[in-house]
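Trainee: I'd like to go over a predicted model; first the sequence, then the structure.
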Amino acid sequence: IVQKDGKLTFLEKDGIDYAPTTVQLPGGERVPFLFTVKNLVAQSDGATSSISPGLKMSGGFTVPSYRTGLFLDPKGRGTTTGYDQAVALPAL
């Protein structure tokens, strides 16, 4: 965090990769979620020199896709790991 033009600025440099969290959906169901942020630059909405309750910050960031070859969908399918089809073993 640095101070520029009287405002606090948060500069994320290395990325927040795959931070596991839980998200509550409408209706109350809770599901696991992986959170990734790159290149976050957030600035306080008003002039301040300290972090205090009620401080609001906003800014731009990048959310890269994590659907790489190692990504598995809910049925366990993936390009380099998991199954290539979501079906049971055929009867012999």
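Mentor: Thanks, I have it. Residues are numbered from 1 along each chain as shown.
Trainee: Direction included, what does the one helix or strand residue 43 maps to pair against?
Mentor: Residue 43 is part of strand 30-44 when elements are defined by DSSP states H and E. Using DSSP bridges, the strands paired with strand 30-44 in its sheet are strand 7-11 (antiparallel), strand 16-24 (antiparallel), strand 57-62 (antiparallel).
Trainee: Kindly export it (C-alpha atoms) in CSV.
Mentor: Output in CSV follows, covering the C-alpha atoms of strand 30-44 (Å, rounded to 0.1, in the frame of the first residue of the first chain):
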residue,chain,number,x,y,z
ARG,A,30,-22.5,-23.4,0.1
VAL,A,31,-20.0,-24.4,-2.5
PRO,A,32,-16.2,-24.4,-2.7
PHE,A,33,-14.7,-21.7,-5.0
LEU,A,34,-11.1,-21.0,-6.1
PHE,A,35,-10.4,-17.3,-6.2
THR,A,36,-7.6,-15.8,-8.4
VAL,A,37,-6.7,-12.1,-8.9
LYS,A,38,-3.9,-10.7,-11.0
ASN,A,39,-2.7,-7.1,-11.4
LEU,A,40,-5.0,-5.5,-8.8
VAL,A,41,-4.7,-1.8,-8.5
ALA,A,42,-7.2,-0.4,-6.0
GLN,A,43,-7.4,3.2,-4.8
SER,A,44,-9.3,4.8,-1.9
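Trainee: Quick check: bridge partners of the nearest residue to residue 25 once chain neighbours are set aside?
Mentor: Of all residues not flanking residue 25 in the chain, residue 31 sits nearest, at 6.4 Å (Cβ to Cβ, 6 or more residues apart in numbering). Glycine gets a C-beta too; all of them are placed from N, C-alpha and C. Under the criterion DSSP bridges, residue 31 forms beta bridges with residue 23.
Trainee: about what we covered before: per-residue confidence averaged over the strand holding residue 43?
Mentor: With pLDDT averaged residue by residue, strand 30-44 scores 81.
Trainee: For the strands paired with strand 30-44, give me a markdown table that also has mean pLDDT and distance to residue 38.
Mentor: What follows is the strands paired with strand 30-44, written out as a markdown table (pLDDT from 0 to 100; distance: least, Cβ to Cβ, whole Å):
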| stretch | mean pLDDT | distance to residue 38 |
| --- | --- | --- |
| strand 7-11 | 90 | 12 |
| strand 16-24 | 74 | 8 |
| strand 57-62 | 84 | 4 |
